[in-house]
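**Student:** One predicted model, sequence on top.
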Amino acid sequence: MIAKMKSNLSVEETLLYNDREKSEIISIKNLVGENFRDVEKQMAMRQKLFAGRAKNLTAHIIISPSIDDGKRQTRLDWKEIGDSFLKKAELNSYQSIAYLHKDKEHFHLHIVVNRIDPNGKIFRHKNELALSQRLGDEIAIERGLKRASEIRRQRRLGRDESKINPEVGIVAQIRKVASKASVLAFVSGKFDQKKYFECIKGEGLEVRLFFKKDSDEVRGYAIGKKGERLINASQIGSEFTLRRLKQGTDDSKLSVEFFNSKIRDVIETSFQKTIMDKKRFEPQLFLNELRSTGHVIKEYYNKDTGKLRGYGFEIDQKIINSSEIGSEFTLTNLKRKFEQNTLSNKQRSACSKVNEPKLEPGLHHNLEEDISKELRRAIDIRLLSSELHDLTSGHRYRSQDDFIKAVEEKGYHVHLRYDQGSLSGFTLHKGTEHYHDHEISNGEFQIHQLIKQGTFKNFHPETIDKTPQTTSAIITGTSLEDTSTGQSPVYVETQNVSNDIFLHFVKRESKKKRDSERERIRQIIAKELARHIQIFYEKGLSFGVEKYLDGLQADGYKITRHFNKENSSIRGYNLEKYGFNFHASEVGREFTLKYLGGSSIQTKKISRHS
């Protein structure tokens, strides 16, 4: 069984991928509803609680048994596999929905899990891929399925690709014969090699034995149809090599388990064939199907009623009852399994009809969008209220500007409102949505409310200049522009704003613009310096400080050298271009003379700028 877990960015896209035509919902955990939209809304709402940096908040788990194992699993089996994985991964308490996909030859299970718990904390694991594969192997061993390594080996040999490899049909037939022979060859808990080969020959196949040098001991064998190429035991399956078959010889417990695992496969296959398109489980048909596999079946009847009550396998005059193989294979439990399967399918069908919304044609999509938009806005306001409460609870700010800065650090763009020279309110913008201070927590965080609460230390309303003034500024982006330019700037008019408040606003916007421009120039200069340094390596020259600085000057840089007081050697440099002055370390540590003058220059780090 191959299992993989990865994290996706969009819960909606992940659900859309899995909610396809030939898919079936197997289970829904910690969610209400039966359709895609119900689940998507609830998961998205839960993810709004997460305040961290991570963006991939949806886990996508894929569980894929081998083709043969997948076809043998019932709906209840798939549910148990999914539940077992979530429990082992400690994801049982998280929101999840499991889909069974049958659109390909190999059936496989997809589980979409919300990585955010009810407390807003995220599920983390240092290696989710390794975790998922380890859990997949554990479940495969518990349920007697093929492990990931076996499936991959089969794929390499092409046994699961009959259209590509013409020998697949032959290998499958030989494997079936070898499997049956291996069961019959276990006598009293030990493997009988002679009987094993006799059973294979009895099916009309040819066996070739390989012996050890200077010995009559058989080391291996090959099987095939007469006149055709023989296939080695290891190519049929590692479990059919003599070494693996003989493993149980010195360990009776292991040999019994090996025998039971073979019988389980036979019982499960016969059970699936018997219940196919049937309305009830018929024990006699099931036992006849078992006999068709070549096994001798012993039947047990109730002495009083004469009804069939159980069965067993007769091998070499020894009876092995179904309860010894596994309690789930008794007739009573097989019947119960069939009934549970049938009931579960009926319940799901009834639920899907009850929960199907009855809307007029053409209104369903618009109604869902309206509900989703209102729900998201309500959630955003609730989260915003929580963040502002954290900023104001137990905190006092020197001024209103300090409080606004703290809000901006939370990732919001703040639009301020003024009245008679005083800050009267604010509007928060995030994405395409905006939120007024009076609609957040019933106006709890309006400026006049915060003043009453004593949130601002040095706020004295009487010191604010209340002389009516009208000051207008023209702002393009974050830079101040003169109206004489031919551009089309955005006009932002602030009425009755004191000079101090307006100048602070102008300085803050100007500094943002200057810092942004400085960072852009720094990146340009870093690329140019990297090209100058790369010249030394391309020409095979040793690095020379003066040659390097002279080259920069020739390229239009103004260079300021810094010298050591003791020996007058150059210890560093500043460079100026495009209207900005940088110390070499500000451009990047790899451009300092200490770094460049080392015995080994890291060209890989320099090349990242080129």
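**Tutor:** Sure, I can see it.
**Student:** contacts and neighbour counts: CA atoms only from here.
**Tutor:** Will do.
**Student:** Please enumerate the helices of the stretch 451-600 of the chain.
**Tutor:** 499-538, 545-554, 584-587, 593-596 (DSSP state H, counting those that start in this stretch).
**Student:** which one of those has the lowest average pLDDT?
**Tutor:** Here the lowest mean pLDDT among the helices of the stretch 451-600 of the chain goes to helix 499-538, at a mean of 76.
**Student:** where do the helices sit along the stretch 1-150 of the chain?
**Tutor:** 11-18, 36-47, 67-72, 75-88, 128-143, 148-157.
**Student:** Adding mean neighbour count, distance to G572 and mean pLDDT, write these out as JSON lines.
**Tutor:** Formatted as JSON lines, those follow (neighbours: other CA atoms under 10 Å; distance: least, CA to CA, whole Å; pLDDT from 0 to 100):
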{"stretch": "helix 11-18", "mean neighbour count": "17", "distance to G572": "52", "mean pLDDT": "87"}
{"stretch": "helix 36-47", "mean neighbour count": "18", "distance to G572": "50", "mean pLDDT": "84"}
{"stretch": "helix 67-72", "mean neighbour count": "17", "distance to G572": "67", "mean pLDDT": "85"}
{"stretch": "helix 75-88", "mean neighbour count": "17", "distance to G572": "58", "mean pLDDT": "91"}
{"stretch": "helix 128-143", "mean neighbour count": "17", "distance to G572": "47", "mean pLDDT": "88"}
{"stretch": "helix 148-157", "mean neighbour count": "15", "distance to G572": "58", "mean pLDDT": "71"}
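**Student:** Between the ones you listed, which one is closest to P118.
**Tutor:** helix 36-47 (7.0 Å; CA to CA).
**Student:** Tell me which other helices or strands that closest one touches.
**Tutor:** helix 11-18, helix 364-392 (3 or more CA pairs under 8 Å, 6 or more residues apart in numbering; DSSP states H and E).
**Student:** How far does the helix or strand just after the last one sit from its chain's centre?
**Tutor:** Going down the chain from helix 364-392, the next helix or strand is helix 400-408, by DSSP states H and E. Shown here is helix 400-408, whose average C-alpha point lies 37 Å from the average C-alpha point of the whole chain (CA atoms, centre = their mean, to the nearest Å).
**Student:** Kindly export helix 400-408 (C-alpha atoms) in CSV.
**Tutor:** Only the C-alpha atoms of helix 400-408 are listed here, as CSV (Å, rounded to 0.1, in the frame of the first residue of the first chain):
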residue,chain,number,x,y,z
GLN,A,400,-2.4,58.0,18.4
ASP,A,401,0.2,57.6,15.7
ASP,A,402,1.9,54.8,17.7
PHE,A,403,-1.4,53.0,17.9
ILE,A,404,-1.9,53.3,14.1
LYS,A,405,1.6,52.0,13.4
ALA,A,406,0.8,49.0,15.6
VAL,A,407,-2.3,48.3,13.6
GLU,A,408,-0.4,48.6,10.3
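**Student:** Pick out the shakiest of the helices and strands packed on helix 36-47, pLDDT-wise.
**Tutor:** For those, where the average pLDDT is lowest is helix 364-392, sitting at a mean of 66.
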